[in-house]
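Trainee: generate coordinates for the sequence data below:
(2 chains)
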Amino acid sequence: MENHRRFDLLATSFPGRLLSWQWGRLSFQIILLILAIFIIYDGFTGPQLAAANNATLLVWVHYRGFVILSLLLIGNVFCFACPFTITRSLAKKVSSHGRRFPNVLRNKWVSVAGLFILFWLYEWLDLWASPWLTAWLLITYFFLSFALEAIFHESPFCKYVCPIGAFNFTYSTISPFQITKRDSPTCRTCENKECVTGSSESLGCGTELYVPVIDSNMDCTFCLDCARACPYSNVSLPARTPAIDLTTSRPPRWDLAFLFITLTFMGVMNAFGMVAPIYRLHEWLAIDLKIQSEGVRLLLIFGMGNIILPMIVLVLAAWASRLLNPRASAVKLKNIASRYAPGFVPLGFGIWMAHYGFHFVIGGLAIIPVFQSFVLDHNLTILGDSPNWDVGFMLPSSWIFPLQVAVVLIGFAVSLYVIGRVSLQNTTNPQYAFQELLPWAITLVMLTIISLSIFNLPMEMRGALGFGT
Amino acid sequence: MRYKTALTSAIMLVLYALAPVWTSASASGPGVGGRRVRLDDVVAGPYLVRAVTSPTPPTVENLYVEVRVTGAESGEVLTDLDVVVRAIPLENDAPELSEIAVHDIAPIPTEYAAHLPVAVTGLWEIQIDIQGPEGGGSATFIERVQNPPNLSWLVAIGAPIAGLCLLGAIFFWLQRNSQQET
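Mentor: The predicted structure follows:
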């Protein structure tokens, strides 16, 4: 993607200069670090009611809302300003620059496992409802990033472990900006490859991406270390066609294909965890199957929905694709799965946006009274004598549900476009191309119907009901 | 090939037909997600009352009120009181509701909770009455109740299937064009 005419964010005086400034990233990280410390503090010391505590509100409403919006409008902004990597950088300085991350773990399976565990704990321990546990989650994150960086040479936490990173990497593939080189000859004649190896002034890419060959936002933390390290100022951050990543061919990998698909299923299951039918399922598991532990029941439900079902779908759809296209009979299932799995990203993003966007719109302004309350609890009256709990929504309430439906349907439409393009890239005969994409398209149709059905149900008050617990 | 297409499509549809069954049941039970603080330690006689509603926004048949009562003097959370939550319609003739708030359905065990199946949309006054050894108290707030989401199956099912049909039509058109060119 070498394009001199495209709008380049790094070439702007603002925010371009600020972003590529030597301390630019650190400035944003320090802001988020202060915020993280504030969250941990209020999580431990503030009211243990989710709706009245900054920790739960900022993490489960604002963070998720801002992440989705920033991925849609800019890119992987959270990883750019990630406060957890500050301790990581500290670890790098104190560590002996030890081993390479084990080869067997140099893939997305660990982060998929992390995502699964995170969503399971989220439901089981009601993380969303506990300021105290939310604070502990942040501390765990700081500890993990520090420990892994201290033990291993490169930045395995971001690339291979971090569940948040896996989520952001995946959905930054639809973002409108991407790191690339300004011109090819400069890179061809570059001897030291500072963008990846680092320079005296800046680290190189922590996830070991080499700028001249970057053709995707996958694994890019937007840290801009490459831009700071490049002695020729040959790194740019131009605008691009959103979601263009998803139609470019990439090396076939089961782990990546599974990540794309399971994140869509996780989006559905995360929303499913909030509506009444999951309680029917709990009831059935508790009463008929005598599974008394809520944790075990949730493990079964989410194991089925987030791991087993997407795994079956991935393999079955790839198999059906191969069966339906007579010219693909010799193609490996992994290759077909890797081609079409990125097509789930737009729909998955639409589902997450409908869910997180909903919470953000209805709960975003609650930060005003919650912060007022925090200040009052510390005997300061600079923000008034009493919190204003009557704040409304960010948008008229009648808009919210139609917008949720719209973003899911737009995601679905883009997903169909992606698999349509992918199929035509590999098969010149449109009939065979359509037959090849059909299993994936049907899967997308079903997931869209299920998602819309879930959003059509009112959310259940989780934590209010228990079966055999 | 048509047979194969039909068979594979049928398998995929059957596989997924199981999933929407989960979501076909309508929601019920007390309260729905998205809590919102409505009263924050408001004085009600000898007590301080914190009230939280859910869902946000509350919908017809689905308004859930959680109440924490604290002794105004002692500052202790009180759990042995009689707490009644009333919903009084302000914009219509719907019947007034009155429910005893209990610990059993409260997410926080030391609090009281009541489910109010408000029948119609509009403004409702929510009144919390407390009776206990220290005396009685009352606190109120106003809540707007809305209709729950109601998506037509024509959109929920029809739009995705229409998308698939459109994709099929585009590929059919491409196939015809490519045949004409050859």
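Trainee: for chain B, just list every one of the strands.
Mentor: B:36-44, B:47-59, B:62-71, B:82-89, B:97-101, B:112-116, B:122-132, B:135-145 (DSSP state E).
Trainee: take the ones you listed and write them to CSV, including distance to chain A, mean pLDDT and mean neighbour count.
Mentor: Using the backbone N, CA and C atoms, a C-beta is placed for each residue, glycine as well. Formatted as CSV, the strands of chain B follow (distance: least, Cβ to the nearest Cβ, whole Å; pLDDT from 0 to 100; neighbours: other Cβ atoms under 10 Å in any protein chain shown):
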stretch, distance to chain A, mean pLDDT, mean neighbour count
strand B:36-44, 5, 94, 20
strand B:47-59, 5, 92, 24
strand B:62-71, 6, 94, 24
strand B:82-89, 15, 97, 19
strand B:97-101, 13, 96, 17
strand B:112-116, 7, 95, 25
strand B:122-132, 13, 97, 19
strand B:135-145, 9, 95, 17
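Trainee: nearest to A:L73, of these?
Mentor: With Cβ to Cβ as the measure, strand B:47-59 is the member of those nearest A:L73 (25.5 Å).
Trainee: distance between the closest one and the chain's centre?
Mentor: Computed by Cα atoms, centre = their mean, to the nearest Å, the chain-centroid distance of strand B:47-59 equals 13 Å.
Trainee: include distance to A:I454 when you put the strands of chain B into TSV, please.
Mentor: Output for the strands of chain B, formatted as TSV (distance: least, Cβ to Cβ, whole Å):
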stretch	distance to A:I454
strand B:36-44	22
strand B:47-59	15
strand B:62-71	16
strand B:82-89	28
strand B:97-101	28
strand B:112-116	22
strand B:122-132	27
strand B:135-145	22
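Trainee: on the three-state scheme, the closest residue to A:S373 other than its chain neighbours is what?
Mentor: Excluding its sequence neighbours, the residue lying closest to A:S373 (Cβ to Cβ, 6 or more residues apart in numbering or on different chains) is A:P387, at 4.5 Å. Following DSSP: H, G, I helix; E, B strand; the rest coil, A:P387 is assigned to coil.
Trainee: and the stretch 1-150 of chain A, which residues reach chain B?
Mentor: Residues of the stretch 1-150 of chain A found near chain B (Cβ under 8 Å from any Cβ of the partner chain) are A:49-52, A:129.
Trainee: so is stretch B:171-182 next to chain A?
Mentor: Yes. Part of stretch B:171-182 sits near chain A under the criterion Cβ under 8 Å from any Cβ, namely B:171-172, B:174-175, B:178.
Trainee: just to revisit the earlier point, would you mind measuring from the residue nearest to A:S373 to A:T173?
Mentor: Taking Cβ to Cβ, to the nearest Å as the measure, A:P387 falls 41 Å from A:T173.
Trainee: the closest residue in space to B:T140 that isn't next to it in sequence pairs with what?
Mentor: Using Cβ to Cβ, 6+ apart and skipping the chain neighbours, the partner closest in space to B:T140 is B:Q127 (4.7 Å). Under DSSP bridges, the beta-bridge partners of B:Q127 are B:R86, B:T140.
Trainee: apart from its neighbours in sequence, what residue is nearest residue 59?
Mentor: Picked chain A for this. Spatial nearest neighbour of A:V59, chain neighbours left out: A:T134 (5.2 Å); criterion: Cβ to Cβ, 6+ apart.
Trainee: let's do chain B instead
Mentor: B:P148 (4.0 Å).
Trainee: what about that neighbour, distance to B:L97?
Mentor: On the measure of Cβ to Cβ, B:P148 and B:L97 end up 17 Å apart.
Trainee: A:A11 now?
Mentor: Counting by Cβ to Cβ, the gap from A:A11 to B:L97 is 62 Å.
Trainee: alright, calling it a day.
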